[in-house]
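*Asks:* what follows is a predicted structure for the sequence shown.
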Amino acid sequence: MHYNDLTLAASTTMQAFSPSDITDPVAVLNAFGPIALVGLLLVVFIESGVLFPVLPGDSLLFVAGLLTAAGTGAAVGEATYTGSAMSLPVLLIGVPIAAILGSQVGYFIGRFGGEKFFSPDARFLKTKYLDESHEFFEKYGPATLILARFVPFVRTFAPIAAGAAKMHYAKFVIWNAIGAVIWGDGILLLGVWLGKIDWVRDNIDKIFIAIVLVSVLPIVWGVVKKYLADRRADSSASA
């Protein structure tokens, strides 16, 4: 297939993609059609620090791992994958690279742009997201760049918070690379392994929900701890 044919096919598929499909990993991959691999790497790049966190990062990688064995035409829950076949070795190399590069962009956005991109009432770039990521970073130090990979929103804003905090760049690069490999390749291989189980392929929607719940647990726990701390502070103040 020639380049023009690929472009036309991808364009035709994207026309059928609606904004409501953006959190559906199969729909996202199908939207890219014959350039599904490029699309996946683009999503990973953007979600890793380029100010757009509402993307199916974890579930997208899980499905991609599953599809390296199942291939195009495979049924994933109630959906059918119609995009191009993806190579596991290529993904294991390409995904961490895309994640690392996306975080580099995020770091420099934070370093040179800081908080001017954020506002309290913004739809996506809320100041509170940057504040939460900064607090997470301050609490756990460089290891945040590994832990944050597994937490939606924090994954996107942690590199920006690191840049705004002027974290030493060499240290950032090292920890960022470690986190990218553990997160990217870890979830891909998990998809490959669990994708061999019929129940997983048939109940992928439940798997997506489980992935989301596990991903947001650190955020929920942080909110609960803050609430309890505030309650204790109020009780001490009124005593």
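*Replies:* Happy to help now that I have it.

*Asks:* those strands in the protein, which residues are they?
*Replies:* Per DSSP state E, the chain has strands spanning 75-76, 79-80. These are given in chain order.

*Asks:* worst average pLDDT in the ones you listed?
*Replies:* Looking at the strands of the chain, the lowest mean pLDDT belongs to strand 75-76 (a mean of 66).

*Asks:* tell me how far the closest residue in space to Leu194 that isn't next to it in sequence lies from Tyr81.
*Replies:* In this structure, Leu194 finds its nearest non-sequential neighbour in Val200, 4.7 Å apart by CB to CB, 6 or more residues apart in numbering. C-beta coordinates here come from the backbone N, C-alpha and C atoms, glycine included. To Tyr81, Val200 is 15 Å away according to CB to CB, to the nearest Å.

*Asks:* more neighbours: those two, which one.
*Replies:* Between Val200 and Tyr81, counted using other CB atoms under 10 Å, the more crowded position is Tyr81 (23 against 18).

*Asks:* state the pLDDT value of that one.
*Replies:* For Tyr81, the model assigns a pLDDT of 77.

*Asks:* correct me, but it touches Ala70?
*Replies:* Yes. With contact defined as CB atoms under 8 Å, Tyr81 reaches Ala70; the gap is 7.3 Å.

*Asks:* what touches both of these two?
*Replies:* Counting by CB atoms under 8 Å, 6 or more residues apart in numbering, no residue touches both Tyr81 and Ala70.

*Asks:* could you report the neighbour count for Leu101?
*Replies:* 18.

*Asks:* ugh, wrong one, Tyr140
*Replies:* Here the number of neighbours of Tyr140 (other CB under 10 Å) works out to 14.

*Asks:* and it, what is it in contact with?
*Replies:* Counting by CB under 8 Å, 6+ apart, Tyr140 has contacts Leu147.

*Asks:* relative to Ala148, how far out is it?
*Replies:* Relative to Ala148, Tyr140 is positioned 9 Å away (CB to CB).

*Asks:* equivalent analysis for Phe62, please.
*Replies:* From Phe62 across to Ala148, the span is 18 Å (CB to CB).

*Asks:* do you know the pLDDT at the spatially closest residue to Ala180 that is not a sequence neighbour?
*Replies:* Closest residue to Ala180 in three dimensions, ignoring its sequence neighbours and counting by CB to CB, 6+ apart: Ala99, at 3.8 Å. Here the pLDDT value assigned to Ala99 is 94.

*Asks:* next, the contact list for Ala99, please.
*Replies:* Contact analysis of Ala99 by CB under 8 Å, 6+ apart lists Val44, Phe45, Ser48, Arg149, Gly179, Ala180, Trp183, Gly184.
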